[in-house]
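Student: Next comes the sequence, and after it the predicted model I'd like to discuss.
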Amino acid sequence: METKISSKGQIVIPKHIREAMKLKTGSTLMIFSSENKIVLMPKPADALHELVNVGKEMPLRNIRREIKEE
């Protein structure tokens, strides 16, 4: 499946994915990059806990690079 980036930097999430993830208009998503990937996920009630879990899958060198870039 493919999607394009608009001139405003927007992307379309296909309907079947929005439905499967129970995303509605105004839903908040978290976005981050890991290596050569962009990851979107619904913002959980406990965002810090969820980020820690995602961070466990990311190589330490990438975490350090992300921190330095900020």
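Tutor: Looks like it came in fine.
Student: And the residue nearest the centre of the chain?
Tutor: Geometric centre of the chain, nearest residue: residue 40, 2.2 Å, by Cα atoms, centre = their mean.
Student: does it sit in a helix, a strand or a coil?
Tutor: Recorded secondary structure, residue 40: strand (DSSP: H, G, I helix; E, B strand; the rest coil).
Student: Give me the local confidence score for it.
Tutor: We have a pLDDT of 89 for residue 40.
Student: and if you look at residue 13?
Tutor: 93.
Student: same deal with residue 27?
Tutor: On the pLDDT scale, residue 27 gets 90.
Student: residues near it, how many?
Tutor: The tally of other residues near residue 27 (other Cβ atoms under 10 Å) stands at 12. C-beta coordinates here come from the backbone N, C-alpha and C atoms, glycine included.
Student: which residues sit in contact with it?
Tutor: 42-43 (Cβ atoms under 8 Å, 6 or more residues apart in numbering).
Student: List phi and psi for it.
Tutor: phi -60, psi 150 (degrees, to the nearest 10).
Student: Helix or strand with the lowest mean pLDDT in this structure?
Tutor: Ranked by mean pLDDT, DSSP states H and E, the helix or strand of the chain with the weakest confidence is helix 60-69, at a mean of 65.
Student: Can you classify residue 18 as helix, strand or coil?
Tutor: Assignment for residue 18 (three-state DSSP): helix.
Student: That one - how many residues pack around it?
Tutor: Residues lying near residue 18 (other Cβ under 10 Å) number 14.
Student: And for it, nearest residue in space, chain neighbours not counted?
Tutor: residue 24 (7.9 Å; Cβ to Cβ, 6 or more residues apart in numbering).
Student: The helix or strand encompassing residue 33: which residues count as buried?
Tutor: Residue 33 is part of strand 29-34, with elements assigned from DSSP states H and E. Buried residues in strand 29-34, counted by 16 or more other Cβ atoms under 10 Å: none are found.
Student: Thanks a lot, catch you later.
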